[in-house]
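>>> quick one: sequence and predicted model below, then my questions.
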Amino acid sequence: MDGNGRWAKKRFMPRVVGHKAGMDALIRVVDHCQKRGVEYLTVYAFSSENWKRPEDEVSGLMNLVLVGVAKYLGKLASQGVRVRIVGDRSAVSEKVRAAWNQSEADTAANTGLVLTVCFNYGGRWDIVQAARRAMAEGLSPEQLTEEALSARMSLAYAPDPDLFIRTGGELRVSNYLLWQIAYAEFHFSDCLWPDFDEREVDRALAAYAGRDRRFGGVKTTGSASSIA
Ligand code: FPP
């Protein structure tokens, strides 16, 4: 969800105002993805590297978790969305941890779109924590297969993304879902995240629909059910 800072700067406002607008955009995108039959939507809200940002921006983002959960959790829960959080929760405050725990608990029985929020997350962190788990369980080198590692990744409950979207005009992956995007289709948009709307989602889905997916084999067709 890139481009919040630039969106705010263009309006001569603090970066955190862009993040707040980004939160509203996220809710819009969830609604529209649900309408379009997307089953899994995974978003990158705070990376392991985002701690390097100025203190007021980091605390603004943490506060936005509390504000966002208070404002939107009821709505998401009532429309059947299941919220899941992945990332290292040990480093966030007790309040933020409680908000995430509540989001998961209040939506645990929901069977609609699965919204995963990656928070204090990094793709490399995820691979390392999965390998550590496997080692702690005593797996032998022969037992450490792709399947065994996949089963221990923090997104083991979700299919690998069909479609990977990056907004804000940057053409890089930035340590996001490194393991899971092996066969994802990429869509890069110049749109700044707070402006990402229904039309942009449809544009990304249309781009996806035009791709030939071969997974190293022969051509298959289908619609994107998992977006990151
Ligand atoms: C990257 O844009 C965006 C972030 C680091 C924060 C993303 C957070 C939200 C969209 C709000 C939703 C929050 C939660 C907790 C669900 P940037 O700041 O790097 O933008 P820039 O490249 O224009 O500076």
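Yep, that arrived. Numbering: from 1, shown residues only.

>>> which other residues reach stretch 12-21?
3-9, 11, 56-57, 60-61, 64, 67, 192, 194 (C-beta atoms under 8 Å, 6 or more residues apart in numbering). Any C-beta I mention is one placed from the backbone N, CA and C, and that applies to glycine too.

>>> mind redoing it with 7 Å?
4, 5, 7, 8, 57, 60, 61, 64, 194 (C-beta atoms under 7 Å, 6 or more residues apart in numbering).

>>> dump those into a markdown table; add pLDDT and neighbour count as well.
What follows is the contacts of stretch 12-21, written out as a markdown table (pLDDT from 0 to 100; neighbours: other C-beta atoms under 10 Å):
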| residue | pLDDT | neighbour count |
| --- | --- | --- |
| 4 | 98 | 25 |
| 5 | 98 | 20 |
| 7 | 98 | 22 |
| 8 | 98 | 21 |
| 57 | 97 | 17 |
| 60 | 97 | 19 |
| 61 | 98 | 22 |
| 64 | 98 | 19 |
| 194 | 98 | 26 |
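
>>> restricted to helices, list the residues you listed.
Of the contacts of stretch 12-21, the ones assigned to helices by DSSP state H are 4, 5, 7, 8, 57, 60, 61, 64.

>>> hmm, back to that, what's the closest of the contacts of stretch 12-21 to residue 31?
residue 194 (15.6 Å; C-beta to C-beta).

>>> how about that closest one: what's its closest non-neighbour residue?
Excluding the flanking residues, the one nearest residue 194 by C-beta to C-beta, 6 or more residues apart in numbering is residue 21, at 3.7 Å.

>>> wasn't that neighbour part of a helix?
Yes. Counting by DSSP: H, G, I helix; E, B strand; the rest coil, residue 21 is found in a helix.

>>> can you give me the neighbour number for it?
19 (other C-beta atoms under 10 Å).

>>> any idea how far residue 152 is from it?
In this view, residue 21 and residue 152 are 36 Å apart by C-beta to C-beta, to the nearest Å.

>>> what does residue 106 give?
Taken as C-beta to C-beta, the span from residue 106 to residue 152 is 26 Å.

>>> show me which of these two is the more surrounded one.
Shown here are residue 106 and residue 152; by other C-beta under 10 Å, residue 152 has more neighbours (20 against 16).

>>> the more buried one in helix, strand or coil?
Following three-state DSSP, we place residue 152 in the coil state.

>>> in its sheet, what does the host helix or strand of residue 119 sit against?
Residue 119 belongs to strand 114-121 when elements are defined using DSSP states H and E. Sheet pairing of strand 114-121 (DSSP bridges) gives strand 40-47 (parallel), strand 82-86 (parallel).

>>> for the ligand, what are the nearby residues on this protein?
1-6, 15, 19, 22-23, 26, 45, 50, 61, 64-65, 68, 117, 168, 193 (C-beta under 6 Å from any ligand atom).
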